[in-house]
Every structure is written in structure tokens, then in C-alpha cells.
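> Structure here, sequence nowhere to be found:
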């Protein structure tokens with residue numbers, strides 16, 4: 001009985017975390033729904049007063065997308081004499097040759113090819129080294145899979161007429177969201193972040209984050225905040241908190257779009273998810289204590305806590321999933337009082353709120369059109385199930401991040417696929433099968449068996465939850481087996 005009640009306690013703690021996180025998300029949704037204050041139109045900067053801009057393009061083995069990137073940045077609507085484009089290339093394959101060949105097509109544009117041999121500091125190291133040579137007063141950053149809007153600089157640079165503004169972030173959009181169901185589900189999740197979360201936080205002057213790309217910095221802000229550091233896997237989130245704790249203002253522009261590619265295959269998705277979740281946990285250990293020590297409002301601290309600990313949601317979901325097995329057994333054998341189950345229903349509000357945020361964000365982006373709304377109604381449960389299926393993989397990343405275990409920066413493979421193309425021939429996704437893939441398959445079998453028991457013994461209290469876990473772990477494990485291959 002003691003062991004059973006330990007599982008009940010773990011279940012309750014995890015559900016309470018999800019509920020409190022849900023309350024923070026609900027507040028962001030309310031802020032998003034509020035009619036924004038009438039903002040003064042930004043004064044146009046006279047042509048003869050435009051500042052020098054450095055565009056940084058961090059690149060590592062991107063032979064499928066780098067040419068597309070160069071062609072896109074060459075189209076920036078900005079005086080070429082005021083534009084410096086740094087190609088921060090750490091590549092070890094033919095990407096470097098492609099870069100040097102492509103930039104020859106643009107002799108009138110100031111391309112600065114900077115090639116490193118050692119990859120020290122990974123992306124953060126490349127950005128820092130480029131910054132030391134940058135001539136621009138402002139630094140725009142785009143990853144290799146992005147296709148920047150030609151007017152990006154002219155749309156964002158007027159914000160810096162306010163000397164307190166340190167960074168302006170645009171909204172990611174998606175070049176290939178209709179390639180597969182996995183790209184659709186990733187778009188579903190990212191759209192919630194780039195609408196409800198970023199807008200909701202920015203409207204109430206809470207901490208927001210530079211998303212690593214699709215944004216522009218004031219160079220002096222980066223330097224004042226301590227420059228790029230490579231001690232976390234999310235150097236963008238790390239610098240964002242250091243800069244805002246120094247008093248710099250960040251601006252989020254939902255209306256400015258920066259199109260990018262989504263990973264089309266589970267191994268690439270997992271690679272990206274691992275880096276994001278572990279890096280977020282590393283930033284939590286690095287910054288959360290300082291956030292609470294400083295003189296911020298309780299409301300701002302609450303949102304910063306939810307922001308920095310959002311990846312812990314996967315640990316909470318996995319804890320609830322594992323704990324639900326002995327709890328189901330306890331209810332079936334009448335070892336637990338029924339009132340516990342009644343109380344547990346209250347905590348389900350956390351799941352409902354989080355799901356509602358994702359649904360509301362996507363319906364809003366689709367301008368509340370009927371066909372899109374119906375599509376989201378089936379995408380939402382599928383998204384939730386796949387997220388549950390990723391809880392083991394991402395929990396490992398979070399635990400490593402919180403405990404200080406270090407790992408190298410592994411960039412997400414890029415593909416530049418069209419609808420009819422295949423990803424299998426791309427050598428960049430050749431990753432060895434992690435042990436968690438086998439464990440995910442095992443959990444799929446466990447929850448499939450729990451589903452069988454629930455139906456057989458007519459103990460249906462958790463049948464929907466266990467059914468979602470069964471489907472989620474099945475999808476993630478099967479698609480992982482299909483996407484990994486040995487080097």
C-alpha cells in the first residue's frame with residue numbers, strides 16, 4: 001500500500017504541475033485575445049539615415065538548402081553599401097564549395113565568407129566569432145533552412161529608433177507544412193508558440209525569447225548581455241534572458257513572416273526536440289534563480305518560470321502515464337478510495353487548457369474558416385498523442401539538462417523536399433538508433449495491454465488516456481524504427 005500511495009503522490013504532483021502550467025497558458029491566451037492597444041506607426045527612417053546591417057548566416061553541412069538561402073538574402077531590399085552578409089561556415093562537406101560558387105553570382109553584394117575548422121562553441125561560437133568582425137550596428141540572423149522576406153530589414157529596423165529596444169523577432173512560417181502529417185503537426189505546435197505564447201508574453205512585458213533565427217539584434221545589446229555563450233544547447237534563449245535581465249526591451253512582430261523548413265522525418269524531429277528541451281532545461285538552471293532574485297513583478301516571475309520550465313511538461317506527462325498503471329490497479333482492486341478519482345478529474349483541466357491554447361492559436365491563424373477548423377479538430381488529438389509518445393525521449397533531454405550532463409550541439413538535418421521527394425537518400429539523418437526507441441515500443445505494448453485489461457474487466461476510468469498513450473508511443477516508435485539507420 002505504501003508503494004501504491006507513492007505513485008498516487010507522484011501522479012498528483014505531476015498533474016498539479018500540468019494544471020499550474022495550464023493556468024499560465026490560459027493567461028497568455030487571454031492576452032492574445034485582448035484587443036491590442038493602438039500603436040503609433042513607426043516613423044520611416046530617411047534613406048540617408050539607414051544604419052549599417054550585418055546579416056549572419058550560421059551554416060554547417062547544408063548542401064541541400066544553402067544555395068536557396070544565398071539567393072534569398074541577395075534579394076534584401078536594402079542599400080547594398082549598408083549591407084554585410086556573413087556566411088559563418090563550419091562545414092566539413094561540399095557545402096563550402098557550393099557557398100563560394102554561389103556568391104560569385106552576386107559581385108555587387110558584400111558577402112563575407114568565414115570558414116572555421118574546429119566548430120568551437122558550435123553555433124554560438126560561430127556567431128560570436130562573426131560578431132567580432134561585424135561592421136553592422138544591427139545583426140540579423142537566419143538559419144540555413146530559412147527563406148527571408150526581402151523587406152525583413154526595412155520592416156524591423158524602425159523599432160530600433162527606441163534606444164532601449166535590443167531585439168525584434170518575427171514569426172516563423174512553414175515552407176513544407178503540407179509535406180506529411182508530421183510537418184503538419186509541427187506547424188500546429190509552432191504556430192501556437194508564435195501566436196499565443198510570444199504575443200501574450202510580449203503584450204504584458206514578460207520575458208520572451210529570440211528564436212535563434214528570423215530576428216534582428218542591436219549589436220551593443222548582445223555585447224552588453226555578455227555575448228554569445230555555448231554552455232547551453234539553446235544559446236538563443238540564454239542570451240534572451242541575459243539581455244532582458246539587463247533591461248533591454250524585446251519586440252515581437254507576429255505580422256512579419258520568416259518562412260522555414262520543418263523536419264519531415266521522426267529522427268530529425270527527435271534531434272531538434274532533444275536540443276530544444278535539453279537547452280531549455282539548461283537555461284532554467286542557469287537563469288530561474290536570478291529571475292526570482294531580481295525585482296520583477298510576481299506575474300512576470302510566474303510567466304518566466306512557466307517559460308523556462310515548459311519542457312518539464314514532458315516529464316510530468318511521462319510521470320502521469322507510468323503512475324496511472326498502479327493507480328488503475330489500485331482502483332480495480334478497491335485499494336484506493338473513489339473520492340481520489342473524483343479529485344483527479346479536477347486536474348484534467350490542465351490538459352484541457354493546454355489543448356485549448358493550441359487549438360485557439362491555429363484557428364485564429366486560419367481566420368476562423370470552417371474547413372480549417374474541422375481539420376484542426378482531428379489534428380489536435382493526433383498532436384496530443386504524438387506529444388505523449390515523445391514524452392520519454394524528451395524527458396531524457398530535460399533530466400540531462402537539469403542535472404548538468406553535457407552533450408554536443410547536433411543540428412537538425414535539412415532536406416529541401418517537395419511533396420513528391422523522398423528523404424531517405426539524405427545522408428544527414430543517418431543516426432544510430434537510441435535505446436529510448438526500444439523503450440517507446442515497450443511502452444506502446446504496455447499501454448496496449450492496459451487498454452485490453454480495461455475493456456476486458458470493464459474498468460474504463462482511464463481507457464481514453466491509456467488509448468492515447470498506446471497510439472502515441474506506437475506512432476513514435478514505429479516511425480523512429482523506419483527513420484533511423486546505422487552510420
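On my side now, so go ahead. Keep in mind the model is a prediction, meaning the values are calculated, not measured. Residues are numbered from 1 along each chain as shown.
> For the rest of this, base every contact and every neighbour count on C-alpha atoms.
OK.
> which regions of the protein sit below the pLDDT cut-off?
Low-confidence segments of the chain (pLDDT under 70): 37-40, 367-373, 417-431, 485-487.
> Contacts only, for residue 186.
Contacts of residue 186 were listed using C-alpha atoms under 8 Å, 6 or more residues apart in numbering, and they are 177, 262.
> After the helix or strand where it lies, heading C-terminal, what element do we hit next?
Assigning secondary structure by DSSP states H and E places residue 186 in helix 181-192. Secondary structure here is assigned by DSSP H and E; on that basis, the next helix or strand after helix 181-192 toward the C-terminus is helix 198-203.
> related to what we said a few turns ago, buried residues of the helix holding residue 186, list them for me.
Using 16 or more other C-alpha atoms under 10 Å as the burial criterion, the residues of helix 181-192 that qualify are 182, 183, 184, 185, 186, 187, 188, 189, 190, 191, 192.
> got it, and stretch 27-47?
Applying a neighbour-count criterion of 16+ other C-alpha under 10 Å, the buried positions in stretch 27-47 are 27, 28, 29, 31, 32.
> Regarding that stretch, how distant is the last residue from the first?
41 Å (C-alpha to C-alpha, to the nearest Å).
> still on that earlier bit, if we take the buried residues of stretch 27-47, which one ends up nearest to residue 378?
Nearest to residue 378 out of the buried residues of stretch 27-47 is residue 29 (C-alpha to C-alpha; 21.1 Å).
> Just want the angle from the strand or helix carrying that closest one to helix 181-192.
Using DSSP H and E, residue 29 falls within helix 2-33. Using axes from the mean of the first three to the mean of the last three C-alpha atoms, to 10 degrees, the inter-axis angle of helix 2-33 relative to helix 181-192 is 70 degrees.
> Next one: the nearest residue to residue 383 once chain neighbours are set aside from residue 375, what distance?
Across the structure, with C-alpha to C-alpha, 6 or more residues apart in numbering as the measure, the residue nearest residue 383 apart from its sequence neighbours is residue 185 (5.8 Å). Taking C-alpha to C-alpha as the criterion, residue 185 is separated from residue 375 by 11 Å.
> quick one: residue 480 and residue 267 touch, right?
Yes. Contact between residue 480 and residue 267 holds when scored by C-alpha atoms under 8 Å: they sit 6.0 Å apart.
> And the residue nearest in space to the middle of the chain, how far from residue 130?
Centroid-nearest residue in the chain: residue 276, 6.0 Å away (criterion: C-alpha atoms, centre = their mean). When C-alpha to C-alpha is the yardstick, residue 276 and residue 130 sit 23 Å from each other.
> Please apply the same query to residue 179.
As defined by C-alpha to C-alpha, residue 179 lies at a distance of 34 Å from residue 130.
> who has more neighbours, these two?
residue 130 (22 against 17; other C-alpha atoms under 10 Å).
> so how far is residue 390 from that one?
Relative to residue 390, residue 130 is positioned 36 Å away (C-alpha to C-alpha).
> One more: residue 8?
Using C-alpha to C-alpha, one gets 23 Å for the distance from residue 8 to residue 390.
> Looking only at neighbour counts, state which of those two leads.
Per other C-alpha under 10 Å, whichever of residue 8 and residue 390 has more neighbours is residue 390, with 26 against 20.
> show me the contacts for the more buried one.
314, 472, 473, 476.
> By neighbours, which of those wins?
Each of the contacts of residue 390 was scored by neighbours using other C-alpha under 10 Å; the highest score is residue 473's, at 30 neighbours.
> For it, give me its contacts.
Residue 473 is in contact with 385, 386, 388, 389, 390, 440, 441, 443, 444, counting by C-alpha under 8 Å, 6+ apart.
> Who's the closest spatial neighbour of it, skipping the chain neighbours?
Closest to residue 473 by C-alpha to C-alpha, 6+ apart is residue 389, at 4.0 Å.
> Tally up the residues packed near that neighbour, please.
The local packing count at residue 389 equals 28, with neighbours defined by other C-alpha under 10 Å.
> Over to the residue nearest to residue 14 when sequence neighbours are not counted. Which of the three states is it?
Distances taken as C-alpha to C-alpha, 6+ apart place residue 316 nearest to residue 14, at 4.7 Å, with adjacent residues excluded. Here residue 316 is recorded as helix under DSSP: H, G, I helix; E, B strand; the rest coil.
> ok, residue 316 touching residue 16?
No. In this structure residue 316 lies outside contact range of residue 16 using C-alpha under 8 Å: 9.1 Å.
> Can you show me the strands along the stretch 1-150 of the chain?
53-59, 83-89, 110-115, 138-141 (DSSP state E, counting those that start in this stretch).
> can you give me how far the third one is from the chain middle?
Mean C-alpha position of strand 110-115 versus that of the full chain (C-alpha atoms, centre = their mean, to the nearest Å) differs by 29 Å.
> cool, and the last one?
For strand 138-141, the distance from its own C-alpha centre to the chain's C-alpha centre is 20 Å (C-alpha atoms, centre = their mean).
> For the helix or strand just after it, what is the distance to the chain centroid?
Tracing the chain past strand 138-141, the next element assigned as helix or strand by DSSP H and E is helix 152-156. Relative to the chain's own centre, helix 152-156 is displaced by 23 Å; criterion: C-alpha atoms, centre = their mean.
> What residues sit buried inside helix 152-156?
Residues of helix 152-156 classed as buried: 152, 153, 155, 156 (neighbour count, 16+ other C-alpha under 10 Å).
> Run through who's touching stretch 211-227.
128, 136-143, 146, 148, 156, 160, 165-172, 228, 235-237, 239, 242-243, 246, 248, 258.
> Show me which of these are buried.
128, 136, 138-143, 146, 148, 156, 160, 165-172, 228, 235-237, 239, 242-243, 248, 258.
> my read: residue 483 touches residue 263, true?
No. Taking C-alpha under 8 Å as the definition, residue 483 is not a contact partner of residue 263, at 11.9 Å.
> who's more crowded, these two?
Summary of the neighbour comparison: residue 483 and residue 263, criterion other C-alpha under 10 Å, with residue 263 having more neighbours (25 against 18).
> helix or strand right after the lengthiest strand in the chain?
Across the chain, the strand with the greatest residue count (assigned by DSSP state E) is strand 249-260. Stepping forward along the backbone from strand 249-260, the first helix or strand reached (DSSP H and E) is helix 266-293.
> Tell me the gap between that following helix and the middle of its chain.
Between the mean C-alpha point of helix 266-293 and the mean C-alpha point of its chain there is a distance of 10 Å (C-alpha atoms, centre = their mean).
> same check, this time on stretch 27-42
Relative to the chain's own centre, stretch 27-42 is displaced by 23 Å; criterion: C-alpha atoms, centre = their mean.
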